[in-house]
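Trainee: Just the structure for this:
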Amino acid sequence: MTRHQAPYASRPEQSRGRQHAEPGGETRGPRDAFQRDRDRIIHSISFRRLRHKTQVFISPDGDHYRVRLTHSLEVAQIGRTIARALGLNEDLTEALCLAHDIGHPPFGHAGEEGLETALKDHGGFDHNAQTLRTLMLLDSPYPRWSGLNLSWEMLEGLAKHNGPVTNRGWAMREVDALFPLDLSGWSSLEAQVAAVADDIAYDNHDIDDGIRAGLLTLDQLLEVPFVRTSWDRVKARYPDLPDARLVPELVRDQIGLMVNDVLENTRANIAASGVETAADVRAAGRMLAGFSPELADAERDWKRFMYATLYHHPRQLAASAGAQRIVNDLFAAYHADPNLMASGWAERCNADEPDKSRHIADFIAGMTDRYALSRHQEIFGVTALPDEFVI
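Mentor: All right, here's what the predicted structure looks like:
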């Protein structure tokens, strides 16, 4: 047992393996299965594309705004910190955090809604299932198989990080048929930690971006009791500093408060459940890692506030409408003439439905914001965007 592993941690030597057997002689360097998963994600094309995919603001011009890549790195930092404190497998946790948003299309949730509309008659679109589809079928750097050939624990964690999958769309059913992921069961603690780390990251870092963009004010934030409590502590420590200097400290305080709450609550849940192995965690019948009931309530209130004031801000809604139009235009153009797609994609396009529409959606989902804009301009000429489109 390595120093960082508790009895209920996932163990690479006990992995259920990979979809495709890999001869041991092809192992490159002294890495275990989960370290290799992490490294395959970091070196993948789909991970690199996250640097030009929307997090909150569509195609941000400013260098200081977050994108999917920086968000994923922040999630990984929080996730690994929690995993280390709980004695979990840090490499698997980090890999899950880094990969969790790979299935997001260009323009974030606006792009997802555009693809959902385009595929409404062909099974719909779900970014979580698209993450698995990308990693198992589309991003294929190896000569003998499709996908990155990640471990079962990695793929299972991505599928079930929010719990058992009861609403299984076509994409999730397809990957599960290729490599059964026990979708009706619960996930590892590492996957549960990755999910809560995602919540902590975007709950707090979106404050910084919202204020920077001028869509949130400190006065608005302080209307939320959860934030007000943290702010009062910060002001008590630094009573003589201007408010603008203290916003980053507010974010740090809230992240620390939430991480400590997760650690305390998760330890209590583990003790109460009596789990002793990773298999026990999956058999526990509930999430063990997460916020206390009190903080969970406060976090839900916080999310409602952020949706009302930031994510559904009129400027954001106008930008989202423009993004959906671009996605819908591209889908219609490629559907009418698949030869407009990039080389390789056009040749592989099946004329029969639903394969044709799903193939086109795969192509669009892999685009970055700027690539989608350039392809739209190439097909339709100058793309008229709302003034709110670029922050």
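
Trainee: Residue ranges in the stretch 1-150 of the chain under the pLDDT threshold?
Mentor: Residues of the stretch 1-150 of the chain meeting the criterion pLDDT under 70: 1-4, 24-28, 57-63.

Trainee: Centre-most residue in the protein?
Mentor: Asp101 (2.8 Å; CA atoms, centre = their mean).

Trainee: Give me the distance between that residue and Thr131.
Mentor: 7 Å (CB to CB, to the nearest Å). Any C-beta I mention is one placed from the backbone N, CA and C, and that applies to glycine too.

Trainee: Report the contact partners of the residue nearest to the residue nearest to the centre of the chain when sequence neighbours are not counted.
Mentor: Once flanking residues are discounted, Asp101 sits nearest to Arg68: 5.0 Å by CB to CB, 6 or more residues apart in numbering. Shown in contact with Arg68 (CB atoms under 8 Å, 6 or more residues apart in numbering): Leu50, Arg51, Lys53, Thr54, Gln55, Asp101, His104, Gly108.

Trainee: where's Gly322 relative to Phe125, distance?
Mentor: 19 Å.

Trainee: likewise Ala76?
Mentor: Relative to Phe125, Ala76 is positioned 25 Å away (CB to CB).

Trainee: which element is the closest residue to Pro7 other than its chain neighbours on?
Mentor: Residue nearest to Pro7 in three dimensions, not counting chain neighbours: Glu276, with 5.3 Å by CB to CB, 6+ apart. Assigned by DSSP states H and E, Glu276 belongs to no helix or strand.

Trainee: Verify the contact between Glu276 and Ile270 for me.
Mentor: No. Counting by CB atoms under 8 Å, Glu276 sits too far from Ile270 to count as a contact (9.6 Å).

Trainee: Now the common contact residues for these two.
Mentor: In contact with both Glu276 and Ile270: Tyr8, using CB under 8 Å, 6+ apart.

Trainee: Which one's more surrounded, the two?
Mentor: It is Ile270, of Glu276 and Ile270, that has more neighbours when counted by other CB atoms under 10 Å, with 21 against 12.

Trainee: tell me the pLDDT at that one?
Mentor: For Ile270, the model assigns a pLDDT of 98.

Trainee: Phi first, then psi, for the residue of the chain most remote from its centre.
Mentor: Centroid-distance maximum for the chain: Asp240 at 38.8 Å, with CA atoms, centre = their mean. The phi/psi pair for Asp240 (degrees, to the nearest 10) reads phi -100, psi 0.

Trainee: In the helix or strand harbouring Glu74, which residues are buried?
Mentor: Here Glu74, judged by DSSP H and E, is contained in helix 68-86. Residues 68-72, 74-76, 78-83, 85-86 are the ones in helix 68-86 that count as buried (16 or more other CB atoms under 10 Å).

Trainee: so where does the residue nearest to Tyr238 when sequence neighbours are not counted fall, helix or strand?
Mentor: Once flanking residues are discounted, Tyr238 sits nearest to Leu246: 5.9 Å by CB to CB, 6+ apart. Here Leu246 sits within helix 243-273, counting by DSSP H and E.

Trainee: Likewise for Glu153?
Mentor: Assigned by DSSP H and E, Glu153 belongs to helix 152-160.

Trainee: average model confidence for that helix?
Mentor: Here the average pLDDT along helix 152-160 is 97.

Trainee: Which two of the contacts of Arg68 have the greatest separation?
Mentor: Greatest spacing in those, by CB to CB: Arg51 and Gly108 (14.0 Å).

Trainee: More neighbours: which of the two?
Mentor: More crowded of Arg51 and Gly108, by other CB under 10 Å: Gly108, with 24 against 12.

Trainee: Might you report the residue contacts of the more buried one?
Mentor: Gly108 makes contacts with Lys53, Thr54, Gln55, Val56, Ile58, Arg68, Ala323, as judged by CB under 8 Å, 6+ apart.

Trainee: Please narrow those to those residing in helices.
Mentor: Members of the contacts of Gly108 lying in helices (criterion: DSSP state H): Arg68, Ala323.

Trainee: re earlier: and the residue farthest from the centre of the chain, how close does it get to Ala289?
Mentor: In terms of CB to CB, Asp240 sits 39 Å off from Ala289.

Trainee: Ok, Phe47 next?
Mentor: Phe47 is 24 Å from Ala289, by CB to CB.

Trainee: List the contacts of Leu215.
Mentor: Neighbouring residues of Leu215 by CB under 8 Å, 6+ apart: Thr309, Leu310, His313, Arg315, Gln316.

Trainee: so how far is Thr117 from the last one?
Mentor: The spacing between Gln316 and Thr117, counted by CB to CB, is 18 Å.
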